[in-house]
Every structure is written in structure tokens, then in C-alpha cells.
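Enquirer: Whatever this is, show me its structure:
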Amino acid sequence: MYMDLDSNKSKFVIAGGGTAGYITALMLRSFYPNISITLIESQEIGILGAGEGTVPQVIDILDSIGVPVSDLIKYADATIKNGVKLVNWNGRGSIDTFYSSFLDAESVDYIDKTRLYYSLMPMAGVEAIAKGENISELLFSVKASKKNKVRMLKNTKNQPMMDPLKHFYILGPYSVHFNAMKLAKHLKNVALTKNITVIDGIIDKINDDKDGYITSFDLKDGTNIPCDFVFDSTGFSRLILGKHLKTKWISCQENLPVNRAMPFFMPLDPNKGIPPYTEALAMKYGWMWKIPTRERFGCGYVYDSRLVSDEDAKKEVDEITGVNTEVPKMFSFDPGYFEKFWVKNCIATGLASQFFEPLEATAIHIAALSVLVTMVHNRGMTVRDEDSIARYNKIMNDYNIDTVNFLQFHYLGKRTDTVFWKDFRTNNKLTDFIQKLETSNRDVTQLIERGFNESSLYPMGLYIEIGSGIRYWNKERAIEYFNSLNTGLRKKRYAEIKPTIIPDQERLLTSCIDHREFLDYVLANK
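Expert: Modelled structure (predicted):
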């Protein structure tokens, strides 16, 4: 068997629409212009999505498949995301606020003109840890977020016919929030312009050959859809990789505590600024997300249903929000991932392959990576090379382990007011990576000096920033490390540069554009 990726004789089927399904279809089309691509979705089944966010890497992927940020703003109510604002994770109420930011290298380079970010900003971070201060206060993105600004400067030399995003100097990485329903609709419209066939139907039967490879799908209306290769984007139903191919599910329930979600919407006051960040508010039995789109907030409470009933969880939400929230649909989930993303001639993407929880918006990024990595390992498609498939599955497994480590780290703060928080280490098994941090006496230098080789997805700086926010790091070890760094020529340069960082950030911030003003500008010039 050989599948020609330059021929329309090769038939690819994506089962399921939504964000993951359409991104998969469009990424395939961008890499393989000639293959036949059919996407099967069901308006009857629908998709999840009270409002979603993602990370900067996804912006580049969307741009590469013909979906620029300006289109997201116009067609999907998108807003800019500087990072995540985490509130009350140490149990001190609203004064307990820190951020998980997108790295600030470009911003600082633009400010101090000396490209000393990588040598001096980490020093400032270690010094802040040593003093028990919050690293977030050093970051330009955080200062912008607090004033509802985005890190963009108007370019007076813009050309009217250009994409309006090109009318700005962009000072640092950013991402977006969006209305998931509207994004799926827009992605569908783009797909239809790129010779991708979209069929509204429900899969009734999956047909295999004698070796277990999928050959076609029978829909409930009697239509037969032949295929050579399949992407399972069927969401939580996990129709193909799970139910049909019986792939083993790796549950992470012992590591991650939340297992039920209560999504809802809240109005966005048009007279107030639009926050350029996702808010993650720690609650008694989990946490609540609050994602601004241009028209409303998409919110939800994710919690441990073993510790609180749905009724009491809703009471807590109503007390926090001050309104009697309407919850359209609750859902439970088992945090985890499939042992293999790729089985036979099927790869799972999005919720069909893994889901841990919404914190840090990891899902869409991993969905896009699951397609991107196939481009390097496409011998698994063309000649069904098992070694190539095994390497692919190893990479995706590593991404999932990285993600569990990163998410669990957020819960290791000082909050102790409920069983959920007080007994976290007793009730939840710490991952091997977190155990290493614990046995190293929470030594931040363990991450800095190793360059954090353990993770390819989540940079060292994010761990350091979040660890500072949850007051995790050992201050004494940070003092030792700072003193060892603050010597020689570096000591002189640090003394010169550090006092200028914050004032330079504040000056530059005055030129950055207000978030709502930026969105209005893009819409007016799109």
C-alpha cells in the first residue's frame, strides 16, 4: 500500500468539525494541496465552546492556513490575550494576584536596546524570589494588562490596503480569546474556499479491511464516504480512536483534581475596558475561568465533583458573581490522554485525543501540534511505517506528560481553607517532575541551570513566574543563587540597567494602545 500525498486519489477524512476538526482540515490542505479532504460534521450533535483561548504558537499556525488575527477579530469576536491573571490561588482574596505571561523578550529588547533580557531579567526574577516579591511586577505584559492595553504601537507609515495588524509595531508575543461557535463557522467558510468537502451527517458505521485499517464510513442517511486516512476530531465522544479502535486511555485523575465543568456566560459592560487576559479565579473546590470575547464573557467553574455537589458548586458561583447564573449544560471528564494518538490509519486531534482541564488553554495548541508533527512523520501515512508512527506517538506522549506537570504545578500554593487545597498533596499523586522539585527543596536554580530540558512545551520562565506567584520557591536558595550571579561585569551592568527597566516600561506603556481601541481600529480597517 502506498498513499500519494501529491494526488487527489488519496482520500483524507476528518470526522468531526469544531475548532480542532477545521484546523486539522486546513493544515492538511496547506501542506498537501492536491489530496482529497472530506470533513464530516453534524449540526444535530453540535460542538462545545462557551468561549475559548489559546497560546501564541497557535496564532502563527492560524496565520499560515489563511486565518489571520484580524479575521478572528472580525468573524469570531476575538480579543487579545496577554496571558492569564490568577487570583486567590494562595487564599488571600483579590490581593492575591499574579500572572502567567507570554514571554517578554521582544518588549524588553525594544526598551533597553542592549538585548540583555536573557542575562539580566532572570537575575531580576531571582532577586524578586529572594525578597519574596512577585515576578509579575517586573513584566511589561502585566503592566499592559492592568491598564487594559495591548503591547502594540501604532505605525504611522501604514498602508491602508494592508492587514490592519500590519499597522502596528508588535512588542511581544500575544494570543487571542474567541467565540468558539463563531470561529468554527468562519473556519468552515475558509475550508469551503479551499476545496474541502463538508458533509453534514452522523456516522453510523465504520468499515475496516482485514488488517483493521479504516476503509470507509457509512452515514445514517445511507451515504458511504471512502477513505485512506482518518483524523478523529469527534470530541469527547472519541468515536474512532476510543470506541472503534479501543485504544487505551491514560487517566491522570490521580494527578489532576478537577473532573467536572459548569460553563456559563456573563455580560460584558460596554462602558468598561475589555481585559486583555484570561482570568483564573481559585474557588473552594477548583477554579473559575473568565474569558472576554468582544461581546461577552465565557465563564465556567471546573471542580472536583467528589468534594462538592453541582448544587453547592452553583451556589458558590452565584455568590462570587453576584448573579443567578444560567448553566446551559454541565459535563464531566476524566483528565487524561490516549496511550497512542496514531493507531492504524487514524490520528486523533483535539478533545478526541486528550483533555486535562481548561487551565492555560493547552488543548488547541496540542491539537495543532498533533497535525504538525505528522508532517515530519508522514511515512506512517504513505507506507504505514510503524517506526515512524511509534516516534510520533512518543512525541505526543511527551507533550502530554509535559502538560500534566505544568498544570499540576499551579495547585501547589499556600491555600488551605478547604479539603481541596489543604490536602492536595495527600489526595493527588505528584508527578515525577514535581517530585524532583520537591526533593530539591524547591530550588529555582534547578530549573535555571538546567535550562529546563525536561519540557519542550512550557518554558522555564513560566514555571519561575508561576512559582513566584504561588510562593513556591525556596528564598534562601534564591538568595545564594542571586549572589553568585551578581558578580564581576554582570554586577556592574545589572546595577546600571535594573533601575531603568521599570521606568522604561512605564514610558513605553503610555504609547501602547487601549485594548478596545485596538479592536475597534482593526474592525474599522478590515
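Enquirer: What are the buried residues along stretch 471-488?
Expert: Neighbour-count burial for stretch 471-488, with 16 or more other C-beta atoms under 10 Å as criterion, is recorded at 471-474, 477-478, 481-482, 485. Every residue, glycine included, has its C-beta placed from N, CA and C.
Enquirer: Mind picking the two most distant members of the residues you listed?
Expert: Longest distance between any two of the buried residues of stretch 471-488 is 21.6 Å, between Arg471 and Leu485; criterion C-beta to C-beta.
Enquirer: and the gap between the closest residue to Thr445 other than its chain neighbours and Lys475?
Expert: Closest residue in space to Thr445, ignoring its immediate chain neighbours: Tyr481 at 4.6 Å, by C-beta to C-beta, 6 or more residues apart in numbering. From Tyr481 across to Lys475, the span is 11 Å (C-beta to C-beta, to the nearest Å).
Enquirer: And Leu359, by the same measure?
Expert: The value you get for Leu359 to Lys475, if C-beta to C-beta is used, is 26 Å.
Enquirer: same thing with Val444?
Expert: In terms of C-beta to C-beta, Val444 sits 9 Å off from Lys475.
Enquirer: cool, and Met460?
Expert: For Met460, the distance to Lys475 equals 19 Å [C-beta to C-beta].
Enquirer: Please report phi then psi for the spatially closest residue to Pro358 that is not a sequence neighbour.
Expert: The shortest distance from Pro358 to any non-neighbouring residue, by C-beta to C-beta, 6+ apart, is to Trp289 (5.6 Å). Per-residue torsions, Trp289: phi -90, psi 150 (degrees, to the nearest 10).
Enquirer: So what sits opposite Trp289 in the bridge?
Expert: Ala280, Gly300 (DSSP bridges).
Enquirer: For stretch 507-518, which residues meet the burial criterion?
Expert: Quick answer for stretch 507-518 (16+ other C-beta under 10 Å): 508-509, 512-516, 518.
Enquirer: So what touches it?
Expert: 79-80, 107, 110-111, 140, 143-144, 147-154, 168, 171, 273-276, 521 (C-beta atoms under 8 Å, 6 or more residues apart in numbering).
Enquirer: measure it end to end?
Expert: For stretch 507-518, the first and last residues are 19 Å from each other (C-alpha to C-alpha, to the nearest Å).
Enquirer: low-confidence ranges in the stretch 201-350 of the chain?
Expert: Within the stretch 201-350 of the chain, not a single segment meets pLDDT under 70.
Enquirer: Recalculate using a threshold of 80.
Expert: 270-271 (pLDDT under 80).
Enquirer: what residue ranges in the stretch 51-200 of the chain score low on pLDDT?
Expert: For the stretch 51-200 of the chain (pLDDT under 80), the answer is 51, 93-95, 103-122, 155-161.
Enquirer: change it to 50
Expert: For the stretch 51-200 of the chain, the stretches flagged by pLDDT under 50 are 105-118.
Enquirer: And the strands in it?
Expert: With DSSP state E, counting those that start in this stretch, the ranges of strands along the stretch 51-200 of the chain come out as 52-53, 79-81, 83-87, 97-101, 152-154, 168-170, 175-178, 196-200.
Enquirer: any chance of these in a markdown table, plus mean neighbour count?
Expert: Listed next are these as a markdown table, based on neighbours: other C-beta atoms under 10 Å:
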| stretch | mean neighbour count |
| --- | --- |
| strand 52-53 | 25 |
| strand 79-81 | 27 |
| strand 83-87 | 24 |
| strand 97-101 | 23 |
| strand 152-154 | 17 |
| strand 168-170 | 17 |
| strand 175-178 | 26 |
| strand 196-200 | 16 |
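Enquirer: Can you convert these into CSV and add a column each for distance to Ala367?
Expert: Listed next are these as CSV, based on distance: least, C-beta to C-beta, whole Å:
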stretch, distance to Ala367
strand 52-53, 11
strand 79-81, 17
strand 83-87, 19
strand 97-101, 20
strand 152-154, 27
strand 168-170, 25
strand 175-178, 14
strand 196-200, 17
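Enquirer: Of the ones you listed, give the one that comes closest to Ala495.
Expert: strand 97-101 (25.4 Å).
Enquirer: hmm, back to that, quick check, nearest of the buried residues of stretch 471-488 to Phe433?
Expert: With C-beta to C-beta as the yardstick, the closest approach to Phe433 among the buried residues of stretch 471-488 comes from Tyr472, at 13.5 Å.
Enquirer: hang on, the closest one packs against Ser440?
Expert: No. Counting by C-beta atoms under 8 Å, Ser440 is not a contact partner of Tyr472; they are 11.7 Å apart.
Enquirer: Give me the contacts around the helix or strand where Ile366 lies.
Expert: If you go by DSSP states H and E, Ile366 is part of helix 363-372. With C-beta under 8 Å, 6+ apart as the test, helix 363-372 has contacts from 19-20, 23-24, 27-28, 52, 54-55, 57-58, 61, 231, 341, 347-351, 353-356, 396, 399-400, 403, 457.
Enquirer: Just after it, pick out the following helix or strand.
Expert: helix 379-382.
Enquirer: what does the average pLDDT come to for the following helix or strand past that following helix?
Expert: Next in sequence after helix 379-382, counting helices and strands by DSSP H and E, comes helix 386-409. For helix 386-409, mean pLDDT is 96.
Enquirer: Just the C-alpha atoms of helix 386-409, please, in CSV.
Expert: In CSV, the C-alpha atoms belonging to helix 386-409 read as follows (Å, rounded to 0.1, in the frame of the first residue of the first chain):
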residue,chain,number,x,y,z
GLU,A,386,5.4,1.5,12.1
ASP,A,387,8.7,3.1,13.4
SER,A,388,7.6,6.5,12.1
ILE,A,389,4.2,6.0,13.9
ALA,A,390,5.9,4.9,17.1
ARG,A,391,8.1,8.0,17.1
TYR,A,392,5.1,10.2,16.5
ASN,A,393,3.3,8.6,19.5
LYS,A,394,6.4,9.1,21.7
ILE,A,395,6.5,12.8,20.9
MET,A,396,2.8,13.3,21.6
ASN,A,397,3.1,11.3,24.8
ASP,A,398,5.9,13.6,25.9
TYR,A,399,3.8,16.6,25.2
ASN,A,400,1.0,15.2,27.4
ILE,A,401,3.4,14.4,30.3
ASP,A,402,4.7,18.0,30.0
THR,A,403,1.2,19.3,30.2
VAL,A,404,0.3,17.3,33.3
ASN,A,405,3.4,18.6,35.0
PHE,A,406,2.7,22.2,34.1
LEU,A,407,-1.0,22.1,35.2
GLN,A,408,-0.3,20.3,38.5
PHE,A,409,2.3,22.9,39.4
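Enquirer: That'll do, ta.
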